[in-house]
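Asker: the following comprises the amino acid sequence and a computationally predicted model.
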Amino acid sequence: MEWPMAHRGTSSLCAWVVALGLATGFAGPAPATEGAAASGHAGMGTADLPPAATGEGAPHHLTGEAPRPGDGAGSGAAGHRASDTVPPPAPALRAPDPVPVIADLPPEPAPPVGLDPPARSPQGAKAEAPARDAAQDPAKPEVAAVPEDPEAPLKAAMARLLAAPPVAPGKEQEALAAFYGARSDAPVFVDAGGYTARGKAILARFAAAADEGLEPGAYKSVKLAPGAAPDTLAQAELRLAASVLLYARHAQAGRFDPGRISGMVTPTRTFPDPLAVLTALAAAPDAGRALAGYNPPHPGYAALRQKLAAARSGPPPRPLARIAPGPSLRPGESDPRVPALRARLEVAGAKGDPRYDRDLVAAVRTFQSRNGLEADGIVGAATVEALNLVEDPAERVADLIVNMERWRWLPRDLGAANVMVNIPEYMVRIRQDGRVIHATRVIVGKPETPTPLLTHDMEYVVINPAWNIPPTIARKEMLPKLRADPYFLARQGIEITRNGRVLDPASINWNAGLGGYSFRQPPGERNALGRIKFMFPNDHSVYLHDTPSRNLFANDRRMFSHGCIRVQDPLVFGEVIFSLGLGNDSWTEDRIEQAFGGKERYINLKHHIPVHLVYFTAFVDEAGRLSVRPDIYGIDARTKALLGLSEPQHVASGKPKTATR
């Protein structure tokens, strides 16, 4: 029987291999590792070999050819002719790929069986090893090794803690979850070795919180020992992150709600966005410096910060003599308090000399000028009070801290042009690009009707304003006088109206109360608002305005209004406001004055100007000197109590009232 061509080729191949072996002195069976492909069964085709010895599983040095792209089980051999046929395989065996005939093999003989194959590069050895493994166990797929994440245990601990009870309030806890969720729970401030450089910078900022008038103990952290467990590290990370958010909130917006002091304390605070805080500190080159940046950026705050550092680090000041109360002391007079006054102001003189001489008068005038008092040299009640304000160092430190706290109640951007009224100083200043371009005296609210603390934009100006008297003032101040004299208000130029009609006050039974009557003072010389008012709409119905009672500006303590702010120089003030708000200089003092008289006239400002009503009893003046003022509304005392700087004290303003003028 004639063998098919393919089998003849295979038989001839085996004979050729045996002959080659004899020629080289080879005798004996092939190594077991080569399998049946080298066993020399001359009468058997490749169909008699196990699958591992065929196709890509067969060693290349036995076939005599390098592997070709596409070779493999079921792919066929590139050297077969169309007329070649292969008998069907046994049912239990997979059909093997046909083997090329001798005529199709390359002329170069295969390396001798039994000898080591040619040396391979390490890359080639690695590439061939998986093929041998697959041939030995075709059912087991190769799996690439995945390096283990060294932070995996710490991340897992972070995930557990973030799913546990919150470590921060409300939105701050939400920010923690969002921040670490976006990082796949990877920490920022710790790693397997403890606190990172970023975490250590944050801890250093917490330790220096007292420099900003804050309390270092408020910002908690976890002390880490070397080799701390992942759970401990995760606790340290989240505790530090929560303290970061607390510090940023305290630094930027203050440590308590100012409304707890009084309903008249209503500043506009700006709170930092918690997620933005964490994101910024995770990316900042200097995390400690970035966190410190949430403190107020204003020069007034920075100046108080320097004074606080000096008060804490400098030598204790010598005790200052206190001036006893008494009648006003005028130049040239004698008084037993003069030696104490001389010691307080450090003016040389004969011991026990009671004369209020020229040198001492000059020192008093300088003191008065620096402290916002009339520099007349007369030692009255206000001057004595100012002289006695400087107390022990601990009290001075507390004064600085509460005033630094109030800077946190202001917007971070005060406005390129702004108006600021400092209530305890009885002064208003207009600033442009940080420079004071106008300043003048003001009258503020009485302690029982205090001027509120707030920030709002000035939107328009009213020339020849009418005064619509609020019901609170009418009921408390005018109704008792109307019962005694029905024409009392008429003599003040105040009209009583109902449903738009002006009524005769004598025709009304004032014992029955206000009864829906309205009180209005038309524009004119006697109008309580004067001839011009500057409007920044707010919930307290207060504004800046002129006044006919100009003599009151001569007083050092100027608390006479129902809450509004009376301006000493309304024409000059108005000219500056119009210049900033309208963008031109057409509204001069003369033009404003010419507009006085007649009906109300409203002038809208094209550019709104922020107005800040503030309460600074300690501030640094333009010469770099610390100035202090009396706590006229008791806000310092209440703030110290809320911050734990002193025992609770009575708030002088009492129950807040809506102010109107």
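Answerer: Done, it's in.

Asker: wait, doesn't L489 sit right on P505?
Answerer: Yes - between L489 and P505 there is a contact at 6.5 Å, judged by C-beta atoms under 8 Å. All C-beta spots, glycine's among them, are computed from the backbone N, C-alpha and C.

Asker: isn't V361 right next to L329, touching?
Answerer: No - under the criterion of C-beta under 8 Å, V361 makes no contact with L329, lying 9.7 Å away.

Asker: what do L489 and P505 both touch?
Answerer: Common contacts of L489 and P505, defined by C-beta atoms under 8 Å, 6 or more residues apart in numbering, comprise 482, 496.

Asker: so which of V361 and L329 has more stuff around it?
Answerer: Neighbour comparison, V361 and L329: the larger count goes to L329, with 23 against 19 (by other C-beta atoms under 10 Å).

Asker: next, count neighbours for the residue nearest to the more buried one when sequence neighbours are not counted.
Answerer: Nearest non-adjacent residue to L329, counting by C-beta to C-beta, 6 or more residues apart in numbering: V379, 4.0 Å away. Look at V379: counted by other C-beta under 10 Å, it has 27 neighbours.

Asker: next, V379: phi, psi?
Answerer: The phi and psi torsions at V379 (degrees, to the nearest 10) take the values phi -90, psi 90.

Asker: OK, contacts around it?
Answerer: Here V379 is in contact with 323, 328-330, 341, 356, 364 (criterion: C-beta under 8 Å, 6+ apart).

Asker: closest to M535 out of the residues you listed?
Answerer: Among those, S328 lies closest to M535 (C-beta to C-beta), at 39.4 Å.

Asker: ignoring the adjacent residues along the chain, who's closest to that closest one?
Answerer: Per C-beta to C-beta, 6+ apart, closest to S328 is G380, 4.4 Å.

Asker: what do you get for N604?
Answerer: Using C-beta to C-beta, 6+ apart, the closest residue to N604 is Y460 (4.7 Å).

Asker: now the helices: where do they sit in the stretch 451-600 of the chain?
Answerer: 471-473, 479-484, 488-491, 570-582, 589-594 (DSSP state H, counting those that start in this stretch).

Asker: for the second one, packing partners?
Answerer: Judged by 3 or more C-beta pairs under 8 Å, 6 or more residues apart in numbering; DSSP states H and E, helix 479-484 is in contact with helix 488-491.

Asker: flag every buried residue along the helix it packs on.
Answerer: L489 (16 or more other C-beta atoms under 10 Å).

Asker: what's the spacing between the closest residue to A474 other than its chain neighbours and A466?
Answerer: Nearest residue to A474 in three dimensions, chain neighbours excluded: F519, at 5.0 Å (C-beta to C-beta, 6+ apart). Here F519 is placed at a distance of 11 Å from A466 (C-beta to C-beta, to the nearest Å).

Asker: how near is the closest residue to N468 other than its chain neighbours to P465?
Answerer: Using C-beta to C-beta, 6+ apart and skipping residues adjacent in sequence, the residue nearest N468 is R520, 5.3 Å away. The span separating R520 from P465 equals 11 Å under the rule C-beta to C-beta.

Asker: so between those two, which is more surrounded?
Answerer: Shown here are R520 and P465; by other C-beta under 10 Å, P465 has more neighbours (25 against 14).

Asker: test my guess that that one contacts I532.
Answerer: Yes - counting by C-beta under 8 Å, P465 does reach I532; the two are 7.0 Å apart.

Asker: what sits in contact with each of the two?
Answerer: Joint contacts of P465 and I532 (C-beta under 8 Å, 6+ apart) are H545.

Asker: return stretch 283-296 as CSV; C-alpha atoms alone will do.
Answerer: Taking Å, rounded to 0.1, in the frame of the first residue of the first chain, the C-alpha atoms of stretch 283-296 are listed here in CSV:
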residue,chain,number,x,y,z
ALA,A,283,-2.0,71.5,46.3
ALA,A,284,-0.4,74.5,48.0
PRO,A,285,3.5,74.5,48.0
ASP,A,286,3.3,75.7,51.6
ALA,A,287,0.2,74.4,53.3
GLY,A,288,0.8,76.3,56.6
ARG,A,289,1.1,79.6,54.8
ALA,A,290,-2.0,78.8,52.7
LEU,A,291,-4.0,78.1,55.9
ALA,A,292,-2.8,81.3,57.5
GLY,A,293,-4.1,83.1,54.5
TYR,A,294,-7.7,82.6,55.7
ASN,A,295,-7.1,85.3,58.3
PRO,A,296,-8.3,88.8,57.4
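
Asker: list the buried residues of that stretch.
Answerer: Going by 16+ other C-beta under 10 Å, stretch 283-296 has these buried residues: 287-288, 290-292, 294-296.

Asker: if I look at the closest residue to F488 other than its chain neighbours, how far off is Q492?
Answerer: Sequence neighbours aside, K481 is the residue nearest to F488 in space, at 4.6 Å (criterion: C-beta to C-beta, 6+ apart). As judged by C-beta to C-beta, K481 and Q492 stand 10 Å apart.

Asker: contact partners for the residue nearest to N604?
Answerer: 535, 602-605.

Asker: and the gap between it and A207?
Answerer: For Y460 relative to A207 (C-beta to C-beta), the value is 50 Å.

Asker: same thing with M458?
Answerer: Separation of M458 from A207 (C-beta to C-beta): 43 Å.

Asker: higher neighbour count, the two?
Answerer: M458 (22 against 13).

Asker: quick one, what contacts the more buried one?
Answerer: So M458 contacts 419, 534-536, 577, 581, 605, 608-611 (C-beta under 8 Å, 6+ apart).

Asker: flag the shaky bits of the stretch 151-300 of the chain, pLDDT-wise.
Answerer: Along the stretch 151-300 of the chain, the model assigns pLDDT under 70 to no residue.

Asker: and the longest strand for this structure?
Answerer: strand 601-614 (DSSP state E).

Asker: what's the average pLDDT for that one?
Answerer: For strand 601-614, mean pLDDT is 97.

Asker: list the buried residues of that strand.
Answerer: For strand 601-614, by 16+ other C-beta under 10 Å, it's 603, 605, 608-614.

Asker: for the protein, longest helix please?
Answerer: helix 230-253 (DSSP state H).

Asker: and G445, bridged to which residues?
Answerer: Bridge pairing for G445 (DSSP bridges) gives the partners S561.

Asker: run through the neighbouring helices and strands of the longest strand of the chain.
Answerer: By 3+ C-beta pairs under 8 Å, 6+ apart, strand 601-614 packs against strand 417-422, strand 454-463, helix 570-582.

Asker: which residues touch the helix or strand that comes right after that strand?
Answerer: Going down the chain from strand 601-614, the next helix or strand is strand 618-620, by DSSP states H and E. With contacts defined as C-beta under 8 Å, 6+ apart, strand 618-620 is touched by 300, 303-304, 306-307, 399-400, 403, 422, 425, 626-629.

Asker: so which of these sit within helices?
Answerer: When DSSP H is applied, the contacts of strand 618-620 are split such that 300, 303-304, 306-307, 399-400, 403 fall in helices.

Asker: separate out the buried members of those.
Answerer: Looks like those have 300, 304, 307, 399-400, 403 buried, using 16+ other C-beta under 10 Å.

Asker: quick check: beta-bridge partners of the nearest residue to R601 once chain neighbours are set aside?
Answerer: Distance criterion C-beta to C-beta, 6+ apart; nearest residue to R601, sequence neighbours excluded, is I463 at 4.4 Å. Beta-bridge pairing for I463 (DSSP bridges): I532, R601.
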